[in-house]
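> just to be clear, the model below is a prediction. Sequence and coordinates:
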Amino acid sequence: MNDLIKIRGRIKDLREFSDYSLEDFAAKLNMSAKEYEDYENGTKDIPIGLLYNIATALQIDPSVILFGQSPTKRYVSVVYAGKGTEIERFKGYSFLSLNSDFIDPNLEPMLVTIKEGVTPELVQHKGQEFNYVLEGSLRVIVGEKEYYLKTGDSIYFDATLPHAQIAMEKEARFLTVIQK
């Protein structure tokens, strides 16, 4: 089963378990019931920022939504090479969480892999974001501007601006660190 299908199922189950109607929960997230329903039923891709907002509204750790389990590490969390928790947001776009087992982190470090030809929707979320290109080249859209980055380049920006990353070659891999 696709990771995003599992995530949507967990969101719906958690919302219903918390006794929120679809309309009430959408209002809590400051959006229309139709817009929220499109995210929950898969008509629209769920931006990562919205997943964090949903977790906040449900008063749970985002790991419960993303990975189906609560984190267990309070002081130190080690992720050995290739052992992070991977999520495929959609075909050609996946990320490997590097702190999914840490309780209440302030930062979200992830290794992101994007295939060429995949154009994610522009997203916005609170905080700031850092991207460091590990392999390939990347077109990063932030607000009204575009930045072209290659291996070894980085960008730091205000994540409340609409933004997206697009692979310029077969595949691009980058480290992203998002401030919550």
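That came in fine, so what should we check first? Residues are numbered from 1 along each chain as shown.

> what residue spans form the domains of this protein?
Listed domain ranges for the chain are 3-67, 85-179 (source: automatic domain parsing).

> out of these, nearest to residue 77?
Of all those, domain 85-179 sits nearest to residue 77, with 4.1 Å by C-beta to C-beta. Every C-beta, even on glycine, is put in place using the N, C-alpha and C of the backbone.

> ok, now which ones touch the most centrally placed residue in the chain?
Closest to where the C-alpha atoms of the chain average out (C-alpha atoms, centre = their mean) is residue 48, at 2.9 Å. Shown in contact with residue 48 (C-beta atoms under 8 Å, 6 or more residues apart in numbering): 89, 123, 125, 178.

> residue contacts, the third one?
Residue 125 makes contacts with 47-50, 52-53, 159-160, 178, as judged by C-beta under 8 Å, 6+ apart.

> just name the closest of these to residue 171, please.
Using C-beta to C-beta, the contacts of residue 125 come closest to residue 171 at residue 48, 19.7 Å.

> what residues of the lengthiest helix in the chain count as buried?
Longest helix in the chain by number of residues, with DSSP state H as the criterion: helix 3-17. Within helix 3-17, the residues that qualify as buried by neighbour count (16 or more other C-beta atoms under 10 Å) are 3-4, 7-8, 10-11, 14-15.

> mind putting those in JSON lines, distance to residue 142 included?
What follows is these, written out as JSON lines (distance: C-beta to C-beta, whole Å):
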{"residue": "3", "distance to residue 142": "26"}
{"residue": "4", "distance to residue 142": "24"}
{"residue": "7", "distance to residue 142": "26"}
{"residue": "8", "distance to residue 142": "28"}
{"residue": "10", "distance to residue 142": "30"}
{"residue": "11", "distance to residue 142": "28"}
{"residue": "14", "distance to residue 142": "32"}
{"residue": "15", "distance to residue 142": "32"}
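
> re the thing from before, let's have the contacts of residue 48 in CSV, adding distance to residue 111.
What follows is the contacts of residue 48, written out as CSV (distance: C-beta to C-beta, whole Å):
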residue, distance to residue 111
89, 13
123, 18
125, 18
178, 13
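
> what is the nearest of these to residue 103?
Checking the contacts of residue 48 against residue 103 with C-beta to C-beta, the nearest one is residue 178 at 17.1 Å.

> now for the closest one, how many residues are close by?
Neighbour count for residue 178, taken as other C-beta atoms under 10 Å: 20.

> could you do residue 44 as well?
Applying other C-beta under 10 Å, we find 14 residues neighbouring residue 44.

> just give me the neighbour total for residue 45.
16.

> how about it, what does it touch?
4, 89-90, 120-121.

> list the beta-bridge partners for residue 85.
Note on residue 85: beta-bridge partners by DSSP bridges are residue 97.
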